[in-house]
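A.B. asks: give the three-dimensional model of this entry:
(one chain, ligands or ions: 1)
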Amino acid sequence: MSNENFEFMRRKIIAGNWKMHKTFPESLEFGRHLNTWMIANKPQAEVIIMPAFICLEQMIKDLRNSKISVAAQDVSSEARGAFTGEVSAEQLKSIGVNYSIVGHSERRHYHGETDYYISQKVALLYEYDMTPILCVGEKIEDRSTGRHFDIVRNQVIGALHEQNISKLKNLIVAYEPVWAIGTGKTASPDTAQEMHAYIRKVLGEEFGIAVGNSASILYGGSVNAGNARDLFQQYDIDGALVGGASLDLEDFTTIINARN
Ligand code: PGA
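C.D. replies: Model (predicted):
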């Protein structure tokens, strides 16, 4: 398929990355309450929650007929084999998972993940018809030395350059400046917009204008109930990847409501 044939389909998405928070019962209970809220409020944005691996199967069952997608926080860069503690794309797909985060800065920094590993993960997700949520973002020292655009460009291209372009129509990228994650220091709407527009331009130049125009680019990094609406006013900000504030139902639903 020619990449010029893609339909323009930027999606409004609010994703909640719970990281290593919430027990199994707490996660299920949150899912039930969020579903009740979704039925009553019918938000415009698509909602994705990422609980711990142990919760995925039951939450997918519980929320099967809901508007909430349940996704993984990570996936192995290997297809299968002797990789203790890893969970493969094929295994995730076998319980009905359709999305996984890849390249989260906490994986890059605490687990030494490189763009090469991240590109392997992206390829495996595509092989099993799943959609990666590719996280990119610069550290504070990259920004203070003026290298932030180059760093983010390299992360985007490093993860995607070997993929089949026809797969990239489902692309979801999360711009998460490392200095904003879990710090309470959100990027200003203008700063985030500048990088989102740049990411869209890079995608268009590298993979075709249709890929750039149809990508959903989420902002992540200390998004909360108070700052979400201003971020969503920006033309290239399609939604958010929310960490801390996704753990609280009232905060998370306020953010979902802000994306309309
Ligand atoms: P935060 O995390 O919202 O707590 O800053 C965002 C993320 O790591 O995805």
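
A.B. asks: and the residue of the chain found nearest the ligand, how far from A174?
C.D. replies: In the chain, the residue found nearest to the ligand is G243; the distance is 2.2 Å by CB to the nearest ligand atom. In this view, the C-beta of every residue, glycine as well, is placed from N, C-alpha and C. Distance, G243 to A174, by CB to CB, to the nearest Å: 11 Å.

A.B. asks: which parts of this structure are strands?
C.D. replies: 13-17, 46-50, 68-70, 99-102, 131-136, 172-175, 216-220, 239-242 (DSSP state E).

A.B. asks: return the residues of the stretch 101-250 of the chain in contact with the ligand.
C.D. replies: Residues of the stretch 101-250 of the chain lying near the ligand by CB under 6 Å from any ligand atom: 176, 181-182, 220-223, 241-245.

A.B. asks: buried ones from the residues you listed, can you make that a PyMOL selection?
C.D. replies: Buried members of these, defined by 16 or more other CB atoms under 10 Å, are picked up in PyMOL with:
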select buried, resi 176+181+220+221+222+223+241+242+243+244+245
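
A.B. asks: pLDDT added to the residues of the stretch 101-250 of the chain next to the ligand, as JSON lines?
C.D. replies: Formatted as JSON lines, these follow (pLDDT from 0 to 100):
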{"residue": "E176", "pLDDT": "97"}
{"residue": "I181", "pLDDT": "93"}
{"residue": "G182", "pLDDT": "91"}
{"residue": "G220", "pLDDT": "97"}
{"residue": "G221", "pLDDT": "96"}
{"residue": "S222", "pLDDT": "95"}
{"residue": "V223", "pLDDT": "97"}
{"residue": "L241", "pLDDT": "98"}
{"residue": "V242", "pLDDT": "98"}
{"residue": "G243", "pLDDT": "97"}
{"residue": "G244", "pLDDT": "97"}
{"residue": "A245", "pLDDT": "98"}
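
A.B. asks: got a list of what the residue of the chain closest to the ligand touches?
C.D. replies: Counting by CB atoms under 8 Å, 6 or more residues apart in numbering, G243 touches 17, 19, 181-182, 220.

A.B. asks: hmm, which two among the residues you listed are most spread apart?
C.D. replies: K19 and G220 (11.8 Å; CB to CB).

A.B. asks: out of the contacts of G243, the closest to E127 would be?
C.D. replies: Among those, and counting by CB to CB, the member closest to E127 is N17, at 23.4 Å.

A.B. asks: surely E176 meets E138?
C.D. replies: No: using CB atoms under 8 Å, E176 is not in contact with E138; the gap is 9.6 Å.

A.B. asks: run through this structure and note the low-pLDDT ranges.
C.D. replies: Within the chain, the set of residues satisfying pLDDT under 70 comprises 1-8.
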